[in-house]
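**Student:** got a predicted structure plus its sequence, pasted below:
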Amino acid sequence: MAAAEQQALKRVYLVAGELSGDILGAGLMRALRARHPGVEFRGIGGPRMIGEGIDSRFPLETLSVMGLVEVLRHLPGLLRVRRTLKADALAWRPDIMVGIDAPDFNLGLERQLREAGLTTAHYVSPSVWAWRQGRVKGIAKSVDAMLTFLPFEAAFYARHRVPVAFVGHPLADELPLVTDRLATREALGLPTEGEVLALLPGSRANEIRFLGETFLAAAETLCAARPGLRIVVPAATAQRRAELERLLEAHPGLVERLTLVDGQAREAMVASDAVLLASGTAALEAMLCHRPMLVAYRMAPTTHWLARRLVKTEWISLPNLIARESLVPELIQDAATPEAIAARLGAMLDDAPGRAALEVRFAEMHEGLQRDASRRAAEAIEALVAGRPLPASVAPERAEETVS
């Protein structure tokens, strides 16, 4: 890029809504500043983005509202914040406004700013490919481009003619392509010989409520059948640890076989031969740790009834969605019994060649997502501002795939 082009980007308006967005925003700011040393940032950011120099107009927590009742209670305040940010951005006249996740808030702001003449982009696709796919029409009116983590997301937007750049996944950049199972076991105080199962029932109270007892019962069944098996359970928070400890009181057979650790979920997965987990980001992390897994999920009956009617995907776990095939077994709702889970995991642990092949496949998928996401997002933003085509992002064989 010529020196004149390097200085073309002067002002970028960024709005992040939670800690994960703050991490993404800080990485994007570093990548943009490396290419445009004089660029200024304004909007909403947390401690990491503030450390990178953003002029944050509101605290990061302003947008961190979860749950329907909470959102309704805070709606008047959120609308005031949106009006203030709109006026602030229009007065500051940035080269581009980028909303980072927080789609319920940011897509509305992006649409208002785009209608007022600003270039806009959204970083991190909402799950529009999974449910309420009609929202893509509104997204097309809100953004000049969507920046996605995953290739099947980019294929969805390309199919709906929304400009898109697949930038890769920051977790894939963060996690190494080579892992050391034995060294990680030693660091966690686990035996280097024998089988290890990592058990991750989730990081939310409701997940522990619906999955904790089921997962522990399955683990107890497995331990009875496999004398050398060890279980490692990472607790996401002190509260989750207390909840798990209470559940363990009903499973004395696990006392000598189970190691409960604080955090260290990735280490637990790397140390394992197989992983039992709830669906979500943990499944992606297990894939990026190159470990075979079983995904099991239970939810409130009403929630499951609604999900069956709204969700349009064949799979729920990200490894399967990325691969577009059933690499990972999924047991959902009534199928997620302790007996079924134990049987599937037992078969997985018995199949050493199958596990080895899956670890190789996951390493290949990891490499495909490892694209230096912050740099590629910065390149896409440059292209939008300069009026150039977005960087090629969707492989031709993927572009016509459907997710529904």
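**Tutor:** Structure received.
**Student:** and the helices in the stretch 51-200 of the chain, which stretches?
**Tutor:** 68-92, 103-115, 135-142, 151-159, 170-174, 181-188 (DSSP state H, counting those that start in this stretch).
**Student:** contact partners of the fifth one?
**Tutor:** Contact partners of helix 170-174, identified using Cβ atoms under 8 Å, 6 or more residues apart in numbering, comprise 23-24, 27, 149, 281, 284-285, 288, 366, 369-374. C-beta coordinates here come from the backbone N, C-alpha and C atoms, glycine included.
**Student:** ok, the second one next?
**Tutor:** Counting contacts by Cβ under 8 Å, 6+ apart, the residues outside helix 103-115 that touch it are 15, 17, 63, 71, 78, 82, 85-86, 89-90, 97, 99-100, 120-122, 124, 126, 138-139, 141-144.
**Student:** ok, now the third one?
**Tutor:** Contacts made with helix 135-142 from outside it, assessed by Cβ under 8 Å, 6+ apart, are listed as 107-108, 110-111, 114, 120, 122, 126, 128, 146, 156-157, 160-162.
**Student:** out of those, which is most surrounded?
**Tutor:** M146 (29 neighbours; other Cβ atoms under 10 Å).
**Student:** does it really touch A121, like I thought?
**Tutor:** Yes. Assessed by Cβ atoms under 8 Å, M146 is found in contact with A121 at 7.3 Å.
**Student:** quick check: neighbours of the helix or strand hosting L276 in the sheet, parallel or antiparallel?
**Tutor:** For L276, the host element (DSSP states H and E) is strand 274-277. Here strand 274-277 is paired, per DSSP bridges, with strand 196-200 (parallel), strand 293-297 (parallel).
**Student:** endpoints of stretch 202-216, how far apart?
**Tutor:** The straight-line separation of the ends of stretch 202-216 (Cα to Cα, to the nearest Å) is 13 Å.
**Student:** adjust the sequence numbering to begin at 43 for everything that follows.
**Tutor:** Sounds good: first residue 43 from here, last item stretch 244-258.
**Student:** tell me the mean pLDDT for it?
**Tutor:** Averaged over stretch 244-258, pLDDT sits at 84.
**Student:** same question, stretch 265-282
**Tutor:** The model assigns stretch 265-282 a mean pLDDT of 93.
**Student:** and that stretch, how far out from the chain's middle?
**Tutor:** Centroid separation between stretch 265-282 and its chain, computed with Cα atoms, centre = their mean, to the nearest Å, is 24 Å.
**Student:** what's in contact with that stretch?
**Tutor:** 230, 232-233, 235-245, 247, 250, 261, 264, 283, 286, 295-296, 299-307, 309-310, 313-314, 384, 388, 391.
**Student:** how about stretch 63-83?
**Tutor:** 43, 48-56, 58, 87-91, 93-97, 102, 140, 142-144, 165-166, 212, 415-417, 419-420, 423-424.
**Student:** out of those residues, which are buried?
**Tutor:** For the contacts of stretch 63-83, a neighbour count by 16 or more other Cβ atoms under 10 Å gives the buried set as 51, 53-56, 58, 87-88, 90-91, 94, 96, 102, 140, 142-144, 165-166, 212, 415-417, 419-420, 423-424.
**Student:** contacts only, for L302.
**Tutor:** L302 makes contact with V275, A277, R283, L286, E287, L290, according to Cβ under 8 Å, 6+ apart.
**Student:** apologies, that question was intended for M407.
**Tutor:** M329, P361, I364, A365.
**Student:** buried stuff in the strand holding L318?
**Tutor:** With burial defined by 16+ other Cβ under 10 Å, the residues of strand 316-319 counted as buried are A316, V317, L318, L319.
**Student:** export that strand to PDB, keeping only CA atoms.
**Tutor:** The C-alpha coordinates for strand 316-319 follow below in PDB (Å, rounded to 0.1, in the frame of the first residue of the first chain):
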ATOM      1  CA  ALA A 316     -12.300 -37.100  24.900                       C
ATOM      2  CA  VAL A 317     -14.500 -34.300  26.000                       C
ATOM      3  CA  LEU A 318     -18.100 -34.200  27.100                       C
ATOM      4  CA  LEU A 319     -19.600 -30.700  26.800                       C
END
